[in-house]
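Student: predicted model follows, preceded by the sequence.
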Amino acid sequence: MKRIFLTLSAAMLGVVLSLPAAAQSGKTGLYLSDADYAEGKISYGAEHHKIKANVPFQHGKVKVWHGDQQMLLEKSQLYGYRDKNQQDYRFVGNNAYKILDANGFNMYSREVETSKGKGRVKETKFYFSTEPGSEVMELTIANLKKAFPENGKFHQLIDLQFRSNDELARYDDFSKMYKLKTIYNETI
């Protein structure tokens, strides 16, 4: 009987000890600046606040509730946010760009509507920035070369590996990395 009790207690203790660690890593909220993003410092965390990043008819605003109190914050005054799925986003203008990879330089994606024939279709576009707070540019071979002008080896490897801009966002499932990032890491 004692053996069963001790086993159950140890199992329950393990569950109790693992709960705070899971809650800590599952933090959601707003990044007020690029420095906050770089440090992983979240404000208006979801444990005390409810956040809505896309407010209908107020595209430049983020709505934050604290109990029954409500605030509207300007997206232009914020860096971005982390959602409940632990995905980070950066605000640029009134749009949220999904941060795909922040190793070396940031890669982003965003769903945009484009015209195809007589209709409109959602399409994923890819972007990058050299630093977390720097200008977001379309992910193209020409823009990458302009953004990293002194890295000649990177330019050469881009030319060898990619025939078109569409290939720049290829993800390598084996290495669990974007191929572009693998090439960049070889040149730094």
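Tutor: Structure received.
Student: dump the residue contacts of the residue most central in space within the chain.
Tutor: Central residue of the chain (C-alpha atoms, centre = their mean): Ile99, 2.5 Å from the mean position. Residues in contact with Ile99 (C-beta atoms under 8 Å, 6 or more residues apart in numbering) are Gly80, Gln87, Asp88, Tyr89, Arg90, Asn106, Met107, Tyr108. Heads up, the C-betas are built off the backbone N, CA and C, glycines and all.
Student: beta partners of it?
Tutor: Tyr108 (DSSP bridges).
Student: can I get the contacts of Ile99 in a markdown table with distance to Gly40 and secondary structure?
Tutor: Below are those laid out as a markdown table (distance: C-beta to C-beta, whole Å; DSSP: H, G, I helix; E, B strand; the rest coil):
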| residue | distance to Gly40 | secondary structure |
| --- | --- | --- |
| Gly80 | 12 | strand |
| Gln87 | 14 | coil |
| Asp88 | 10 | strand |
| Tyr89 | 14 | strand |
| Arg90 | 14 | strand |
| Asn106 | 14 | strand |
| Met107 | 18 | strand |
| Tyr108 | 18 | strand |
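Student: give the ChimeraX command for selecting the buried subset of those residues.
Tutor: Those of the contacts of Ile99 that count as buried under 16 or more other C-beta atoms under 10 Å are selected in ChimeraX with:
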select :80,88,89,90,106,107,108
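Student: dump the contacts of Ile99 into CSV; add pLDDT and distance to Ser175 as well.
Tutor: Converted to CSV, these look like this (pLDDT from 0 to 100; distance: C-beta to C-beta, whole Å):
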residue, pLDDT, distance to Ser175
Gly80, 94, 27
Gln87, 93, 21
Asp88, 95, 21
Tyr89, 95, 25
Arg90, 96, 25
Asn106, 96, 19
Met107, 97, 15
Tyr108, 98, 20
